[in-house]
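A.B. asks: coords please:
(one chain, ligands or ions: 1)
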Amino acid sequence: MYDYTIIGAGIIGSLIARELSKYELKILVLEKENDVANVQTRANSAIVHSGHDPKHGTLKAKLSVEGNKLYDQLEKDLNISLLRTGAFVCAHDKDEEKLLDDLYHNGKLNQVKDMQFFNLQQAQLSEPNLSDDITKVLSLPTTKVCFPWEVAFHALENAIHNGVQIRRNSEIISIQHENDIYILKDQKGKTYETKSVINAAGVYSDDIKDMLSDDAPFKITPRKGEYFVLDKSVKGFINHVLYPLPSKKGKGVLITPQVHGNILLGPNSVFVDDKGSISTSKEGLSYIREHVTSLAKNIPFGLIIRSFSGVRATSTYKDFYIKESTTHPNFFHVAGIDSPGITAAPAIAKYLVDEIINISLPIKSTYDPLLKKKIVFNELSKQEKQEKQKEQPLYGRIICKCEHITEQEIIDAIHGPLGSDTIKGIKKRARAGSGICQGGYCESLIVKIIARETQKPIDKVNYDQENTPILYKETKVTS
Ligand SMILES: Cc1cc2nc3c(=O)[nH]c(=O)nc-3n(C[C@H](O)[C@H](O)[C@H](O)COP(=O)(O)OP(=O)(O)OC[C@H]3O[C@@H](n4cnc5c(N)ncnc54)[C@H](O)[C@@H]3O)c2cc1C
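C.D. replies: Now for the predicted structure:
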């Protein structure tokens with residue numbers, strides 16, 4: 001019997017698991033995918049917003065500003081990558097300048113620190129590629145950029161270190177409530193008994209609510225956003241996050257530097273029926289190309305290395321819905337967590353545990369908030385590299401030539417506490433295959449390493465989900 005079971009291992013479920021792991025409790029995380037943070041948390045702009053934009057008085061506003069501050073502690077505790085970019089919101093005429101003033105006042109009410117206005121000349125001193133059509137910018141120095149997948153992954157690794165259990169490939173399909181106990185059943189028929197449940201299922205959080213026959217007032221209306229990724233050789237082309245003025249559709253098409261040097265262009269915002277869609281469209285990507293040029297000149301479109309999309313868990317409630325069910329005690333919904341969910345995530349976890357669940361237990365003496373830093377061979381000094389190579393010769397074999405990732409780092413990613421045996425899982429953990437050739441050179445080598453390390457036949461190594469092998473049969477037999 002578990003004390004708490006969390007449905008969903010995105011950034012929200014993972015940080016809640018870590019927050020609960022401070023206490024002497026039996027905690028389980030159930031995730032339908034074969035990897036953590038594979039849905040919304042995998043595909044977004046990665047911005048830790050300053051909190052200037054959500055309407056003052058909403059939970060989104062309060063938790064964004066708090067979440068932004070909490071990222072500094074997460075960086076220290078969990079060794080996450082954080083880029084302190086700051087941001088410019090760009091106005092192009094007098095009407096937009098008026099909206100920029102409104103945004104400034106909203107930011108002031110939300111207690112966003114250090115905002116100031118620049119004219120184009122002042123702004124171009126630090127961003128020479130800013131479009132010449134811009135008339136005024138609002139500078140938001142507290143804006144940062146993280147690697148959301150890593151935040152979730154590190155938070156969950158730390159939670160596991162503090163006693164939390166996780167099951168991947170476990171999709172909850174039914175929920176029963178009997179005698180103060182919840183019985184959760186997954187797609188394989190396995191059942192889990194738990195005293196409390198936390199619904200952190202992202203775009204699927206209303207499906208979980210429906211399994212409970214709860215009438216909580218939210219429904220997810222999924223909204224897709226598409227992106228282009230520019231190769232990391234563009235690093236420095238733009239150094240701040242660039243926003244246009246926000247509209248009803250959201251924050252608009254942005255330019256966002258990423259922690260590994262790439263730059264994202266996008267997203268658009270389109271309502272979709274399919275919550276699981278990961279496709280991009282000609283129309284969507286054309287829309288991005290057209291709109292992004294209002295922010296910067298000379299955009300190096302020739303350096304696009306891929307496109308992707310993510311689906312936002314936008315809800316009819318219009319704010320984050322973080323409440324205990326009114327009909328089912330000890331069942332908590334953390335729903336409608338669309339943007340700025342990455343930003344607010346650490347504050348959402350604290351708000352749920354401290355204010356909604358209101359745990360009154362003491363913090364356990366064994367709780368350890370720190371996660372040991374992993375070895376990133378390319379970041380070591382020459383001497384450290386030599387020492388590591390002596391200890392473990394496979395640090396001397398480069399597999400991903402674009403990102404300089406060694407065979408040992410790939411082996412570490414396969415066998416870690418939250419290891420993976422898929423090409424995509426290795427790409428996320430070790431960055432092998434993230435460079436300009438997008439795995440063209442190293443994927444075939446990684447397949448062999450995974451097969452060897454997991455003792456699987458090579459044609460059973462999956463690209464991403466179950467049944468996505470990248471090799472079907474041998475075409476050339478050498479004697
Ligand atoms: C295009 C786009 C851009 C964005 N940009 C930003 C940004 O720059 N900054 C920002 O702050 N926010 C941004 N966001 C929002 C942010 O990505 C989300 O708010 C955040 O990732 C939500 O995390 P989550 O854990 O709630 O959801 P998810 O990451 O979707 O996690 C939910 C998990 O629940 C699992 N699950 C679902 N159903 C079940 C089930 N039945 N059984 C078991 N598991 C289940 C899913 O597989 C999934 O892993 C953006 C979102 C999108 C889509």
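A.B. asks: And the strands in the stretch 1-150 of the chain, which stretches?
C.D. replies: 2-7, 27-30, 47-48, 82-83, 87-91, 116-119, 136-140, 144-146 (DSSP state E, counting those that start in this stretch).
A.B. asks: Kindly compare burial across these and name the winner.
C.D. replies: Most buried of the strands of the stretch 1-150 of the chain by mean neighbour count (mean count of other C-beta atoms under 10 Å) is strand 47-48; its value is a mean of 29. Backbone N, C-alpha and C define where each C-beta goes, glycine included.
A.B. asks: from the chain's centre, how far out does it sit?
C.D. replies: Taking C-alpha atoms, centre = their mean, to the nearest Å, one finds strand 47-48 lying 10 Å from the centre of the chain it belongs to.
A.B. asks: what packs against it?
C.D. replies: helix 59-78, strand 144-146, helix 341-350 (3 or more C-beta pairs under 8 Å, 6 or more residues apart in numbering; DSSP states H and E).
A.B. asks: same question for that strand, mean pLDDT?
C.D. replies: What strand 47-48 shows for mean pLDDT is 98.
A.B. asks: Briefly note if that strand comes near the ligand.
C.D. replies: Yes - interface with the ligand: strand 47-48 contributes I47 (C-beta under 6 Å from any ligand atom).
A.B. asks: Pull up the pairing partners for that strand, direction included.
C.D. replies: Using DSSP bridges, the strands paired with strand 47-48 in its sheet are strand 144-146 (antiparallel).
A.B. asks: wait, does the partner strand contact the ligand?
C.D. replies: No - counting by C-beta under 6 Å from any ligand atom, the ligand has no neighbours in strand 144-146; the shortest distance is 8.2 Å.
A.B. asks: re earlier: can you list the helices and strands packed on strand 47-48 in CSV and add mean pLDDT?
C.D. replies: Converted to CSV, the helices and strands packed on strand 47-48 look like this (pLDDT from 0 to 100):
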stretch, mean pLDDT
helix 59-78, 98
strand 144-146, 98
helix 341-350, 98
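A.B. asks: Can you say which of these is packed in most?
C.D. replies: By mean count of other C-beta under 10 Å, these have helix 341-350 as the most buried, with a mean of 26.
A.B. asks: How about residues contacting that one?
C.D. replies: 11-12, 15-16, 18-19, 40-41, 44, 46-49, 51, 60, 62-64, 66-68, 70-71, 73-74, 146, 148, 151, 313, 320, 322, 334, 337 (C-beta atoms under 8 Å, 6 or more residues apart in numbering).
A.B. asks: cool, stretch 178-197 as well?
C.D. replies: Residues contacting stretch 178-197 (C-beta under 8 Å, 6+ apart): 1-7, 28, 30, 32, 167, 170-177, 329-332, 357.
A.B. asks: Go back to those and keep what's next to the ligand.
C.D. replies: Restricting the contacts of stretch 178-197 to contacts with the ligand (C-beta under 6 Å from any ligand atom) yields I7, L30, K32, E171, I172.
A.B. asks: In contact with the second one: list those residues for me.
C.D. replies: When the contact criterion is C-beta under 8 Å, 6+ apart, the partners of L30 are T5, I6, I7, G8, A9, I166, R167, S170, I172, L184, D186, Y192.
A.B. asks: Disregarding residues adjacent in the polypeptide, which is nearest to it?
C.D. replies: Leaving aside its chain neighbours, L30 sits nearest to S170 (4.6 Å; criterion: C-beta to C-beta, 6 or more residues apart in numbering).
A.B. asks: Surely the one you found touches E31?
C.D. replies: Yes - using C-beta atoms under 8 Å, S170 makes contact with E31 at a distance of 6.4 Å.
A.B. asks: quick check, I450 in a helix?
C.D. replies: Yes - remark: I450 belongs to a helix, assigned using DSSP: H, G, I helix; E, B strand; the rest coil.
A.B. asks: Any figure for the gap between the closest residue to it other than its chain neighbours and G416?
C.D. replies: Closest residue to I450 apart from its sequence neighbours, by C-beta to C-beta, 6+ apart: V461 at 4.9 Å. The spacing between V461 and G416, counted by C-beta to C-beta, to the nearest Å, is 18 Å.
A.B. asks: Looking at those two now, which is surrounded by more residues?
C.D. replies: Taking neighbours as other C-beta atoms under 10 Å, V461 and G416 compare with V461 leading, 21 against 14.
A.B. asks: tell me the contacts of the more buried one?
C.D. replies: Applying C-beta under 8 Å, 6+ apart, we find V461 in contact with D421, T422, I423, V447, I450, A451, T454, P469, I470, L471.
A.B. asks: Could you do L156 as well?
C.D. replies: Contacts of L156 (C-beta under 8 Å, 6+ apart): A9, S14, A17, R18, V29, V36, V164, I166, L418.
A.B. asks: In contact with the residue of the stretch 351-479 of the chain at minimum distance from the ligand, which residues?
C.D. replies: Going by C-beta to the nearest ligand atom, the ligand is nearest to Q465 of the stretch 351-479 of the chain, at 11.0 Å. Residues in contact with Q465 (C-beta under 8 Å, 6+ apart) are E33, N34.
A.B. asks: Per the annotation, how does this protein divide into domains?
C.D. replies: By the assignment in automatic domain parsing, the chain contains the domains 87-141+221-312, 380-460.
A.B. asks: Could you export those domains as a markdown table, including mean pLDDT and distance to S196?
C.D. replies: A markdown table is the format used below for the domains of the chain (pLDDT from 0 to 100; distance: least, C-beta to C-beta, whole Å):
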| stretch | mean pLDDT | distance to S196 |
| --- | --- | --- |
| domain 87-141+221-312 | 96 | 25 |
| domain 380-460 | 93 | 23 |
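A.B. asks: Any chance of TSV for the ones you listed, columns distance to the ligand?
C.D. replies: Formatted as TSV, the domains of the chain follow (distance: least, C-beta to the nearest ligand atom, whole Å):
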stretch	distance to the ligand
domain 87-141+221-312	3
domain 380-460	13
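A.B. asks: Export those domains to a markdown table and append columns for distance to A159.
C.D. replies: Shown next, in a markdown table, are these (distance: least, C-beta to C-beta, whole Å):
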| stretch | distance to A159 |
| --- | --- |
| domain 87-141+221-312 | 22 |
| domain 380-460 | 10 |
